[in-house]
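**Q** no letters, just coordinates:
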């Protein structure tokens with residue numbers, strides 16, 4: 001939806017959203033579009049920063065009107081993932097509560113494809129996108145905590161019932177045998193209370 005909305009606003013032949021994990025320094029791109037959608041391999045910005053890593057580090061929007069003739073605007077060579085090189089590049093940090101959670105990039109195969117008004121509009125979209133991404137992450141975490149015991153990290157009763165239902169359905173669908181194994185450990189409560 002984010003890609004489609006940005007495409008409706010301005011020329012957008014290449015688009016990506018990169019999410020950044022501050023603790024590991026890894027960038028993941030769950031959304032990358034260049035003639036079709038794909039998911040590139042994650043990368044460490046400390047080893048291979050690229051323009052995305054530069055934007056995360058500086059926390060500022062980067063606009064390169066012509067990547068083939070950058071005239072000092074391109075501090076780091078762009079990392080190409082294939083296809084024709086983009087000529088115009090906009091990278092906007094996704095900032096939430098003074099923390100960079102990723103980067104949104106819009107690119108065009110035409111040089112000088114964007115003006116200052118379009119860049120400001122994309123910065124506004126990026127603020128909303130950061131909020132939506134964080135809300136989706138929090139929703140996923142709540143869903144996970146509903147089926148996982150936080151202390152042990154294993155399925156709770158609800159998660160076990162859901163997993164069991166899925167496994168029974170899968171065994172029936174593929175006509176595979178299914179077995180369930182239960183353990184009763186004497187005095188486990190004493191161990192669990194430690």
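**A** Everything's here; your move. Predicted, not measured: the structure shown is a model, and the values here were computed from it.

**Q** so which elements touch the lengthiest helix in the chain?
**A** Longest helix in the chain by number of residues, with DSSP state H as the criterion: helix 116-147. The elements that helix 116-147 packs onto, with contact taken as 3 or more Cβ pairs under 8 Å, 6 or more residues apart in numbering; DSSP states H and E, are helix 2-9, strand 14-21, strand 88-96, strand 99-108, helix 157-174. C-beta: built from backbone N, CA, C; applies to glycine.

**Q** list the buried residues of it.
**A** 118, 122, 125-126, 129-130, 133 (16 or more other Cβ atoms under 10 Å).

**Q** what is the residue nearest to residue 134 when sequence neighbours are not counted paired to in the beta sheet?
**A** Leaving aside its chain neighbours, residue 134 sits nearest to residue 96 (5.2 Å; criterion: Cβ to Cβ, 6 or more residues apart in numbering). The residues listed as beta-bridge partners of residue 96 by DSSP bridges are residue 99.

**Q** from residue 5, how far off is residue 96?
**A** The gap separating residue 96 from residue 5 is 19 Å, by Cβ to Cβ, to the nearest Å.

**Q** the two: which is more packed in?
**A** The neighbour comparison of residue 96 against residue 5 (other Cβ atoms under 10 Å) goes to residue 96, with 15 against 12.

**Q** residue contacts, that one?
**A** Shown in contact with residue 96 (Cβ atoms under 8 Å, 6 or more residues apart in numbering): 130-131, 133-134.

**Q** give me the number of residues near residue 109?
**A** Residue 109: 15 neighbours (other Cβ under 10 Å).

**Q** ditto for residue 36
**A** 7.

**Q** now swap in the one 10 residues further on and tell me
**A** The local packing of residue 46 (other Cβ under 10 Å) involves 10 other residues.

**Q** my guess is it contacts residue 25. True?
**A** Yes. When contacts are counted by Cβ atoms under 8 Å, residue 46 is listed as touching residue 25 (4.9 Å).

**Q** re the thing from before, can you redo the buried residues of helix 116-147 as a markdown table with pLDDT and distance to residue 177?
**A** Shown next, in a markdown table, are the buried residues of helix 116-147 (pLDDT from 0 to 100; distance: Cβ to Cβ, whole Å):
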| residue | pLDDT | distance to residue 177 |
| --- | --- | --- |
| 118 | 92 | 59 |
| 122 | 92 | 54 |
| 125 | 91 | 52 |
| 126 | 93 | 51 |
| 129 | 91 | 47 |
| 130 | 93 | 48 |
| 133 | 89 | 42 |
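
**Q** from these, which is closest to residue 164?
**A** residue 133 (32.3 Å; Cβ to Cβ).

**Q** and the closest one, how close does it get to residue 127?
**A** Noted for residue 133: a distance of 11 Å to residue 127, by Cβ to Cβ.

**Q** just residue 93 next, same as before
**A** Using Cβ to Cβ, residue 93 is found at 10 Å from residue 127.

**Q** now do residue 39
**A** Here the criterion is Cβ to Cβ. By it, residue 39 lies 24 Å from residue 127.
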